[in-house]
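In: Quick one, fold the following:
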Amino acid sequence: MTLPLRLRHLLAALAFALTGSGAAALGTDLGPERFATHDAVTWVQTCGTWGTNHQGTYRVVHAEAFAQSFLYVQWMARGEADRSYSLYAVHTTAIAELDNDHAEISLSELTCRATPRGIVVTAKADSGHDDKLRRVTIEVGPAPGQYRFRAQRTR
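Out: Residues are numbered from 1 along each chain as shown. Predicted coordinates for the structure are as follows:
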C-alpha cells in the first residue's frame, strides 16, 4: 500500500523537523562569534581552585579603557545541569580600587598564582596621578567576592 503523495511530503517534513538537518548527528558547528571577547579585554587567566572539593576555578580578566586598567575576578564552575560541563561564572567581582574612571592606574606584567586560600594576583602599576611606579598585590578568596588589595611603592 502506498501513501498519498501529500501525506508522504508531510511525513518527510515532520521527520526533517524532528531530526533537524542531516548534520545534527555530527555535532554543532560553533563559530568564533560564540567565543568572542570584548575588544577591551587584554588578558584572561585561570588559576587556582575554590570550593570544598576544589570543584571551581578562578578566572582573572584584565581590560583597558580610558587609558587605565580594569580588573575582574570570577569564581568559575562547570555546568552539570545541562550536561554541557562548560565553565560558567558563579560570581564576578570588580576590583573596586581599579574599577572606576578616576583611578588612572595602568597594570602590566600581571601574574596569577594559586595559594591554599585562593589566588594572588600581582602586577606592576603605573599611576596617571603621579610618576611613582607601584606593585599591586590582590589576595582573592576563599569566599566569593572576598579580596584584599595592596599597593606598594617601588621607587
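In: for stretch 53-71, what is the average pLDDT?
Out: Averaging pLDDT along stretch 53-71 gives 92.
In: repeat for stretch 118-130
Out: The model assigns stretch 118-130 a mean pLDDT of 89.
In: Can you list the neighbours in contact with that stretch?
Out: Outside stretch 118-130, the residues within contact range by Cβ atoms under 8 Å, 6 or more residues apart in numbering are 47-48, 50, 58, 60, 67-68, 71, 73, 104-113, 133-142, 146, 151, 154. Where you see a C-beta, it was placed from the backbone N, CA and C, and this is true even at glycine.
In: Buried among the residues you listed? Need that as a selection in PyMOL.
Out: Selection of buried members from the contacts of stretch 118-130 for PyMOL, criterion 16 or more other Cβ atoms under 10 Å:
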select buried, resi 47+48+50+58+60+68+71+73+104+105+106+107+110+112+134+136+138+139+140+141+142
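In: which one is the spatially most central residue of the chain nearest to, not counting chain neighbours?
Out: By Cα atoms, centre = their mean, the chain has its centre lying nearest to R59, at 5.7 Å. Leaving out its chain neighbours, the residue that sits closest to R59 by Cβ to Cβ, 6 or more residues apart in numbering is Q74, at 4.4 Å.
In: Can you list the helices and strands that the helix or strand harbouring the one you found packs against?
Out: Q74 is part of strand 68-78 when elements are defined by DSSP states H and E. Using 3 or more Cβ pairs under 8 Å, 6 or more residues apart in numbering; DSSP states H and E, the elements in contact with strand 68-78 are strand 56-65, strand 87-94, strand 105-115, strand 118-127, strand 133-140.
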